[in-house]
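S.K.: need a structure here:
(3 chains)
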Amino acid sequence: MTETRVVTTQVADGQKPLKIRKRRKLTWKAKLQRYGMGSIAILASIIVFLLPFLFILFTAGKDRQEASLFAFTPPSQWMLWENFIAVLETRNYMVVTAFWNSIVLTVVAVSIMVILGSMVGYVLQRRKSRWNPLVMLFVLAGLIIPPAVVPTVWVMQSLELYGTLIGLILIEVTFGLAFTVLLIRAFVAAIPKELDEAAIIDGAGSMRLFFTVIFPLLRGVIVTVIVVQAVTVFNTFVNALYFLPGEPTVQLTLYNFLSQSGNQWNLLFMNILIITIPPLILYIFFNRQIVAGMTSGAVKG
Amino acid sequence: MQITRNRRTRAVAVAGAALLALPLAACSADGGDDSNGDEAIELSFLIDNGEQTVSMVEALTAAYTEANPNITFDIEQRPGGGEGDNIVKTRLATGEMNDLFLYNSGSLFQALGPDQTLTNLDDQPWVADLTDDFRTVVSTDNGVYGTPVGTSMAGAVLYNIPVYEDLGLEVPEDWDAFMENNEAIKAAGDVAPIAQTYGDTWTSQLFVLGDFGNVDTQDPDWAEEYTAGNAKYVDQPALQGFLNQQDAYEADIFNEDYASALYDDGVRMVATGEAAHYPMLSFAVGVLQNSYPDNLNDVGVFALPAQDAADTTLTMWQPAGIYVPNTTEGATLDAVKDFMAFTVTAEGCEIQVTAGGANGPFSMTNCTLPDDVPQLVKDMQPYFDEGRTAPALEFLSPIKGPALEQITVEVGSGIRSAEDGAALYDEDVEKQAAQLGLDW
Amino acid sequence: MTATATPPTAKSTTPPRPEGKQKRRPAKSPYPLWFYIPAGILFTVLFLVPTISSFYFSLTRWSIFDVEFIGFENYVQFFREPALVQGFINTFIFGFMTSGLKVILGLLLGVLLTSSVIGRGYLRSVVFFPVLVSVIGVGFTFRALMDPFDGAINTALGWFGIDGPGWLTDPAWALYSVALVDVWRGVGLATLIYIAGIVGIPQEYYEAARVDGASAWRSFWHITLPLSWPATSTVVLLSLIGGLRSFDLIWAMTRGGPGFTSDVIASVIYKQYQAGFYGLSTAGNVILFLVVTAIVVPLSMWLRKREVEQ
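M.R.: Modelled structure (predicted):
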């Protein structure tokens, strides 16, 4: 504890400690950590995280009878392509429509959510006002209370939002706000207030201060919020069913193969694969960005 | 208040949509009975996603559109079970229901508040052709609300005929004979006497629900007394269903993976002879036809045996119905009515059976089953000939507790005794009665 | 609250003041309160109004089609629910177990994945994969893997001569198995939040510590742990709230079973909702809200106090 405090005051006083930029040779201990821990972690990750995906892949490649046995074996005959086509063609290419709906929904809802949420999170952290406890209470309420479906439908009907994509977008924004605010608020704290003051002295108004100074610095956490919320919204199921009846979203397509009178497991798992792989690829693609975003935010902060 | 206002908004919207549709009206192509003119109408139809339902509805709507090209369908599927119930109720309550929809008959139908939400179809010509059993389960005191889709079905014991032949067993008429068969099968070795599939919890209820025919035979007033709050499951004869399930568990005659197996597994086991018996609804025909067509006629059916052979009665379920919400109006309503009438003609019945298979006899007196029905449907005929059938409880009483499937899983896994389970279920039922506003 | 220095002359009716300023009313705060408004409108219209009106329904017998006022009967009924006591115990076990494990594993993985370990990029991606799969997908996959007889987990244990339990079918195991899968699904998010927190710690601290000759353990304990506190507090809050009210995974995997043995309060409420007992289930929601608030609000205040102290 004491050590930390000393360091903290040092920085607060503006006396940067000596920077040692020399790259030190790895000691055997560091090597052990780098390679030993790394190997263990990689091995564990294969068992814990990759094998379940392999299972999904295997099951997606089986025929109906073999899939219903749930054995962790490669299919006796690979039917990936046939199953893929079967899922795609189900109910007049419903999966394709669903993908389009889900993508529009996700992109628009998450963008709005991030902007509105960071505005709230930022003021909530920076400004002590008597509204804060109330806002915090709402944030917690938003996280805790499950939405009341029927009254929400009534409200949406009276605003003529019911059954429209815009309506569902606003619903997703509303339900995701609490989480966004909570996450952003925690990370605004890491941005030194000195930066705000410098910008204000330079004559920045509150809008400019937020959108050109603070918002870029929040990149790290915003990327996190985007990833998490995009996944949540993309995977939304119940909300779509209640607030946008008749228009499929990707999760709804799973129900094509699930019913009380017999499940088509091979097609179900193929469908899971189809709707999981695009976000997966997107994530791998953005992974570098995510980490870069987090680091850059931190360096400037 | 609010609900009414919303309905009106909806009605206006529907009328608007109809107006918009006018300029698009398909010309000529006079499709047979022209009760609904030539304007193009798209009917939005909400159905559950059961495989049989989907294929039957698709066949019916396709045939109808062929005869009436100006009428097309937008079929929307919903999940089954509790989630599906919620969607149906939410849409009805908010006035956002599709033009027509498919839903269970019996107690679940009653819970929709038919008089407030649905269109009364008492004046329709087909009402006279409904069987009495079906008419009562889609009616209130004010009238009839639905047409059947599919056939009625039995809740009984599916059994593997080759296993019975190999061991020289006979179809049991009372519970003791049934258990003797089970012991014989167990002694013979590799076949599980009874398949249980608690991975899909709803499948665990058959011992209790399928025993109701026997209860009804012993005490014909039981259902009425039950609705009035006087008859309880903790007392005989109703307790017997729970006791039988406990008895079977204690005899150790279930498949070893009974706790995790799924409905599909159960059908597979009884079809291929991995298990000898599977207490189930006869709609298992659907899975049999699709996944095990070679074994279709290896599976027979008999009623869940009562303690006394004289009481053994086949418990029958009625099919789901098509209903029309009272938000459907004008030309759309006419089109819906015409379509419904079509589904219950002899031609409509034939289309249904061809597409989805038969689970039992029709609920229409003007329809007859083809000769090549699966073995287990043939097995039901003697019960009808001898008058030994009774409707399931959910068609005689509006009260069904929601927790029965969890309770029967517990009784069937030795977690809870039959008496405790029955008592717990009686409590559960009380909540349902309170919700319905019954004064117990 | 304590941080706001209240001038002795201030009246309680004055509009909100920025902290620490002695001036009665500053010209203009750089942090405008109207930033709350757009989000506030959405939240009020689409969440608060429906929620508050639904609380009224908790005092009614509500079948969607009719509403009858019955006072507190639903609350009485809810407390008579047979699975209730077990449900509360399960809720706490599930909530604390999942959030505890997510914090510990998330922190460890966060530290590991910000160090110079090999395969770091791969590990960062793979830990997050489960977050991308839908609950339904996760549920079915693990139901198959955890099958007591043909499931991959017990087959693998069998190679080592271990007779695995019925993960989801044995009443003693079901809840813990679901909790483990929930951790599997959620640890990627916790790790991501921790990575964001840890890379935010200026390198200078570590360099200074190294100059002082502090061991890796000491710098973890004295720098990483305290300075990633905002991350910890976020992970704790999110996963605890999530854990206490979560039922989606439980629903997808066991439906609260076998029997009622893995029921949590949220799944009891959901079952009542499905059964059409809307008033009763809304009453349950009010109770769950009070319980979660009673745990989370003090916790969040304590976490924030520690945050301020850092």
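S.K.: got the residue ranges for the strands in chain C?
M.R.: C:60-62, C:67-69 (DSSP state E).
S.K.: Let me have the ones you listed in CSV, extended by distance to chain A, mean pLDDT and mean neighbour count.
M.R.: Using the backbone N, CA and C atoms, a C-beta is placed for each residue, glycine as well. Shown next, in CSV, are those (distance: least, C-beta to the nearest C-beta, whole Å; pLDDT from 0 to 100; neighbours: other C-beta atoms under 10 Å in any protein chain shown):
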stretch, distance to chain A, mean pLDDT, mean neighbour count
strand C:60-62, 9, 83, 21
strand C:67-69, 11, 83, 13
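S.K.: could these be laid out in a markdown table, adding distance to A:Val173?
M.R.: Below are the strands of chain C laid out as a markdown table (distance: least, C-beta to C-beta, whole Å):
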| stretch | distance to A:Val173 |
| --- | --- |
| strand C:60-62 | 28 |
| strand C:67-69 | 30 |
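S.K.: any chance of those strands in a markdown table, with distance to chain B too?
M.R.: Below are the strands of chain C laid out as a markdown table (distance: least, C-beta to the nearest C-beta, whole Å):
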| stretch | distance to chain B |
| --- | --- |
| strand C:60-62 | 6 |
| strand C:67-69 | 7 |
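S.K.: what's the burial count for the closest residue to chain A within chain B?
M.R.: Proximity of chain B to chain A (C-beta to the nearest C-beta) peaks at B:Val287, 4.1 Å away. When neighbours are defined as other C-beta atoms under 10 Å in any protein chain shown, B:Val287 has 22 of them.
S.K.: Mind telling me what element it is part of?
M.R.: helix B:285-291 (DSSP states H and E).
S.K.: Stretch A:236-243 and chain C, any residue contact?
M.R.: Yes. Stretch A:236-243 reaches chain C (C-beta under 8 Å from any C-beta of the partner chain) through A:Phe237.
S.K.: neighbouring contacts of that stretch?
M.R.: A:105, A:149, A:152-153, A:156, A:162-163, A:167-168, A:171-172, A:175, A:247-249, A:251-252, B:78, B:83, B:87, B:90, C:134, C:136 (C-beta atoms under 8 Å, 6 or more residues apart in numbering or on different chains).
S.K.: need the contact list for the residue most central in space within chain B.
M.R.: For chain B, the residue nearest the mean C-alpha position is B:Pro319 (4.8 Å; C-alpha atoms, centre = their mean). Neighbour list for B:Pro319: B:105, B:134, B:148-153, B:363 [criterion: C-beta under 8 Å, 6+ apart].
S.K.: now do 10 Å
M.R.: B:52-53, B:56, B:102, B:104-105, B:134, B:137-138, B:146-153, B:283, B:352, B:359-360, B:362-364 (C-beta atoms under 10 Å, 6 or more residues apart in numbering or on different chains).
S.K.: Could you report the distance from it to B:Asn295?
M.R.: B:Pro319 sits 25 Å away from B:Asn295, going by C-beta to C-beta, to the nearest Å.
S.K.: picking that back up, for chain C, see how far away the residue nearest to the centre of chain B is.
M.R.: 22 Å (C-beta to the nearest C-beta, to the nearest Å).
S.K.: what's the neighbour count on the residue of the stretch 101-250 of chain C found nearest chain B?
M.R.: Going by C-beta to the nearest C-beta, chain B is nearest to C:Thr169 of the stretch 101-250 of chain C, at 3.4 Å. Residues near C:Thr169, counting by other C-beta under 10 Å, number 25.
S.K.: is it true that it touches B:Thr201?
M.R.: No. Using C-beta atoms under 10 Å, C:Thr169 is not in contact with B:Thr201; the gap is 11.5 Å.
S.K.: Now the common contact residues for the two.
M.R.: In contact with both C:Thr169 and B:Thr201: B:409, C:254, C:257-258, using C-beta under 10 Å, 6+ apart.
S.K.: among the residues you listed, who's most crowded?
M.R.: Neighbour max across the shared contacts of C:Thr169 and B:Thr201 (other C-beta under 10 Å) = B:Val409, 30 neighbours.
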